[in-house]
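Novice: give me coordinates for this.
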Amino acid sequence: DEDGFKFSAMAGYLYRIKASPVGIDIDIAIDLYDSDGNCLLEEAIDDGVEGEDEFFSWTAPSDGFYYVKVTNLHQSDNCRINIQYELQLYELQLFDPDAPTLDGKVKGLVTDAISGRPLNNAKISSHSCRKNYTLPSYEDGSYHLMTCSGFHKLTVKAEGYKPLTCHIEIPKEPALLLKNMPLLPNEQNIPAPLPSKTVYHHGNSLHVEFQASLLPKQSCVRYYFAIAYPDGQFFILTDFNRFEPLNPAFLPYWLGTGNRLIDKPIDDDMPRGDYQLYILRMPEGITDPINNLDKGELNVSQFRIE
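Specialist: Numbering: from 1, shown residues only. Model (predicted):
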């Protein structure tokens, strides 16, 4: 009987791994491997005594994923049914007696902002109470970060993608903050809103949409949509078919849940001429996006009413 477990570790941090038998038909041995399959600790401190805990402390040589193998060494000709055990992993901070209490929790998914597919082995960093604290995302794109509560700068990087940094407030335990991190490919601009036609006439229906994968729930980014009329009017789109006049002192972000921005008849309140459709993608925590356009991604499309 063998079981395998995967965990992420950071270089220089001390970890304690402990396997405790629960059933009576089990004698535990634990091995540790790196991501290349090299055995780092073999049958760690296995003294052959049944029913006792097996544990070791280990300092990670580099950032990455590691694997624990749990083996049952119990020798018996009878059917073994009581082979339960509990495996625990602790990250110890013995090197820093003044280390902060890790009472904050944040988790989410790292995804491709265009396709929505999960990104594994992205590097998530918390620039706050834990200096240079970085962990990787798993195969399904998920990550789980323990940190102290308060205001934080959360950064995610992945090969082939633009980094994303947002400023968030992490609550104290037992609250859990969900933050999905959609990343744009290096050579990809944020897709502009897409009108169904490039030329419309009065009496037609104006239909505008965007890619739904751009807006995952609890995202670490904010999206802003706007439409500029040929007569100088400028409206912010806050929800489906909801136009709000621009207020330079406050820019409301998109609150809609679908992928449609506009679906309405073109009537006399829309003058003839050229229109622009804007999308602004901004990291969360930037309170004045209009004066911080360099921190976000801006794109524009257009159509005409004749």
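Novice: report the contact partners of Q88.
Specialist: Residues in contact with Q88 (C-beta atoms under 8 Å, 6 or more residues apart in numbering) are I17, K18, A19, S20. Placement of C-beta: from N, CA and C, glycine included.
Novice: phi first, then psi, for P289.
Specialist: Backbone geometry at P289, expressed as degrees, to the nearest 10, gives phi -60, psi -30.
Novice: quick one, what contacts it?
Specialist: P289 is in contact with R222, Y224, L251, L280, M282, G296, counting by C-beta under 8 Å, 6+ apart.
Novice: of the residues you listed, which pair is most distant in space?
Specialist: Greatest spatial distance among these (C-beta to C-beta): L251 and G296, at 11.2 Å.
Novice: quick one: end-to-end length of stretch 265-274, please.
Specialist: Chord length of stretch 265-274, first to last residue, is 17 Å (C-alpha to C-alpha, to the nearest Å).
Novice: buried sites along it?
Specialist: By neighbour count on 16 or more other C-beta atoms under 10 Å, the buried set for stretch 265-274 is M270.
Novice: show residues contacting that stretch.
Specialist: With C-beta under 8 Å, 6+ apart as the test, stretch 265-274 has contacts from 200-206, 229-231, 302-306.
Novice: just the ones of these in strands?
Specialist: Under the assignment DSSP state E, the contacts of stretch 265-274 contribute Y200, S205, L206, Q302, F303, R304, I305 to strands.
Novice: CSV for those residues, including pLDDT, neighbour count and distance to G116?
Specialist: Formatted as CSV, the ones in strands among the contacts of stretch 265-274 follow (pLDDT from 0 to 100; neighbours: other C-beta atoms under 10 Å; distance: C-beta to C-beta, whole Å):
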residue, pLDDT, neighbour count, distance to G116
Y200, 97, 20, 30
S205, 96, 12, 28
L206, 96, 21, 27
Q302, 97, 14, 27
F303, 97, 19, 26
R304, 97, 15, 32
I305, 97, 18, 33
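Novice: and these, which is closest to L184?
Specialist: Closest to L184, out of all of these and judged by C-beta to C-beta, is Q302, at 21.9 Å.
Novice: show me what contacts that closest one?
Specialist: Contact analysis of Q302 by C-beta under 8 Å, 6+ apart lists T198, D274, Y275, Q276, L277.
Novice: which secondary element of this structure has the worst mean pLDDT?
Specialist: strand 133-136 (a mean of 77; mean pLDDT, DSSP states H and E).
Novice: buried sites along the helix or strand following that one?
Specialist: Counting by DSSP states H and E, the element after strand 133-136 in chain order, helix or strand, is strand 142-147. If you call a residue buried by 16+ other C-beta under 10 Å, then strand 142-147 has these buried ones: Y143, L145, M146, T147.
Novice: I'd say the second one and K107 touch.
Specialist: Yes: look at L145 against K107 with C-beta atoms under 8 Å: they come within range, at 6.7 Å.
Novice: low pLDDT regions in the stretch 51-200 of the chain?
Specialist: For the stretch 51-200 of the chain, applying pLDDT under 70 flags the ranges 51-52, 76-80, 92-104, 128-133, 173-175.
Novice: and which of the contacts of stretch 265-274 is nearest G160?
Specialist: Q302 (30.0 Å).
Novice: can you report how many residues lie near Y138?
Specialist: When neighbours are counted by other C-beta atoms under 10 Å, Y138 registers 19.
Novice: what's G256 sitting at in phi/psi?
Specialist: Backbone phi and psi, for G256 under degrees, to the nearest 10, turn out to be phi -70, psi 160.
Novice: regarding the residue lying closest to Y138 once chain neighbours are set aside, what is its secondary structure?
Specialist: Leaving aside its chain neighbours, Y138 sits nearest to N120 (6.0 Å; criterion: C-beta to C-beta, 6 or more residues apart in numbering). Judged by DSSP: H, G, I helix; E, B strand; the rest coil, the three-state class of N120 is coil.
Novice: adjacent strands (with direction) for the strand ranked longest in the chain?
Specialist: As assigned by DSSP E, the longest strand anywhere in the chain is strand 273-283. Partners of strand 273-283 in the sheet, by DSSP bridges, are strand 221-228 (antiparallel), strand 297-305 (antiparallel).
Novice: looking at that strand now, give me its mean pLDDT.
Specialist: Strand 273-283 shows a mean pLDDT of 96.
Novice: ends of stretch 8-25, what's the gap?
Specialist: 30 Å.
Novice: thanks a lot, catch you later.
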